[in-house]
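**Student:** Predicted model, plus sequence, below.
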Amino acid sequence: MYPLKMKPIFKDNLWGGTRLRDEYGKDTPYEITGESWEVASHKNGESTVDGGEHHGKTIAQLTCELKEKLLGDKVYKGDDAKFPLLIKFIDARDNLSVQVHPDDKFAFENENGELGKTEMWYIMDSADDAGIIYGFKEPITKDEFKKSIEDNTLLEYTHFAKCTKGDSFFIPAGTLHAIGKGILIAEIQQNSDTTYRVYDYDRRDANGNPRDLHVDKAVAVTTLAPAGEYKYQDDCTIAECEYFKVEKLDLKGSKEWTVDKSRFEVLIVCEGEAVVNGIKLTKGETVLLPAYIGNVTLSGDGVVLRTYVM
Ligand code: ZN
């Protein structure tokens with residue numbers, strides 16, 4: 001068992017930029033890249049192992065081969081079971097649409113058995129006045145919410161939270177949200193690609209058409225009370241929920257631990273450099289630690305996110 005460095009797949013979203021290639025060394029085939037899916041095992045994108053005896057394999061292929069040794073005694077539920085997490089980097093050169101994600105129950109019933117999507121963001125970089133939309137300023141009714149979408153006044157009701165590099169945000173399913181322009185984030189989320197858009201800044205795609213909005217589904221799933229405290233931070237844990245836990249490691253020197261055989265872990269190098277069990281990682285690289293890997297030695301100088309399912 002060795003740390004599995006992952007090779008991402010890319011998305012050429014129209015609001016994306018060039019930073020993933022220029023600053024993070026990503027080998028994207030696109031001029032403009034919005035997302036790199038670093039740890040992904042979804043029908044819309046699969047990352048693969050980069051290096052070693054498992055080079056080129058997808059997570060699904062490796063799951064068939066290694067089973068609980070890869071995913072963990074608690075996480076492995078059969079070769080065809082859904083991988084629980086999706087981990088991305090997002091480069092927002094422009095504003096992303098204002099959107100919301102359903103929870104597990106709504107997604108299962110309305111989106112062909114998809115998972116819901118609770119997510120968290122770690123702000124890897126942020127322009128001076130950049131921020132995010134995070135829920136509503138005041139409580140709002142379903143009718144008021146729907147009307148504000150129809151008459152283009154939604155942004156008068158949404159809460160704008162300024163961002164600084166190093167901030168983190170927890171976005172449970174049902175929270176209205178949008179990443180603002182000038183922000184680069186690491187996103188850890190449930191393995192789902194279901195998004196209901198409610199406002200897209202009146203943008204047009206390459207063919208001059210607006211992107212679809214999903215107003216009725218959005219109104220059905222959105223939490224109408226203000227999102228409240230949006231930052232979760234103690235010394236080390238920056239997000240914790242029933243789906244995942246995320247720790248921020250300010251790495252100076254070396255740390256050692258033993259991976260619990262019940263679940264795999266993922267390490268994301270957000271800044272600086274690190275070496276994990278002899279595998280060198282630079283800024284923007286992600287590694288999956290198999291559940292049965294045993295002892296882990298992480299050394300270097302930088303910021304590393306450590307995440308695992310609960
Ligand atoms: Zn989202």
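**Tutor:** In hand now; what should we look at?
**Student:** can you tell me which residue is nearest the centre of the protein?
**Tutor:** The C-alpha lying nearest the average C-alpha coordinate of the chain belongs to E187 (Cα atoms, centre = their mean; 2.3 Å).
**Student:** Next one: it from I32, what distance?
**Tutor:** Distance, E187 to I32, using Cβ to Cβ, to the nearest Å: 18 Å. All C-beta spots, glycine's among them, are computed from the backbone N, C-alpha and C.
**Student:** Then K217?
**Tutor:** The spacing between K217 and I32, counted by Cβ to Cβ, is 28 Å.
**Student:** which element is the closest residue to the residue nearest to the centre of the chain other than its chain neighbours on?
**Tutor:** Setting aside the residues directly before and after it, E187 is nearest to K88 in space (Cβ to Cβ, 6 or more residues apart in numbering), at 4.7 Å. Taking DSSP states H and E as the criterion, K88 maps to strand 85-92.
**Student:** in stretch 60-68, what's buried?
**Tutor:** The neighbour-count check on stretch 60-68 (16 or more other Cβ atoms under 10 Å) flags Q61, L62, T63, L66, K67, E68 as buried.
**Student:** what residues does the helix or strand harbouring the first one touch?
**Tutor:** Following DSSP H and E, one finds Q61 within helix 59-66. With contacts defined as Cβ atoms under 8 Å, 6 or more residues apart in numbering, helix 59-66 is touched by 4, 39-41, 46-47, 49, 54, 57, 70-71, 76, 79, 83, 288, 290.
**Student:** What about those, which one has the most neighbours?
**Tutor:** Of all the contacts of helix 59-66, the highest neighbour tally under other Cβ atoms under 10 Å goes to L4, namely 27 neighbours.
**Student:** Now for the spatially closest residue to it that is not a sequence neighbour: which residues touch it?
**Tutor:** Counting by Cβ to Cβ, 6+ apart, L288 is the residue found nearest to L4 once chain neighbours are left out, at 4.4 Å. For L288, the contacting residues are P3, L4, M6, V39, I59, F264, E265, V266, by Cβ under 8 Å, 6+ apart.
**Student:** Please report how far the nearest residue to the fourth one once chain neighbours are set aside lies from I32.
**Tutor:** Think V39. Spatially, and ignoring its direct neighbours in sequence, V39 is nearest to I87 (4.0 Å; Cβ to Cβ, 6+ apart). I87 is 21 Å from I32, where distance means Cβ to Cβ.
**Student:** Would you confirm that V100 contacts H177?
**Tutor:** Yes - using Cβ atoms under 8 Å, V100 makes contact with H177 at a distance of 7.0 Å.
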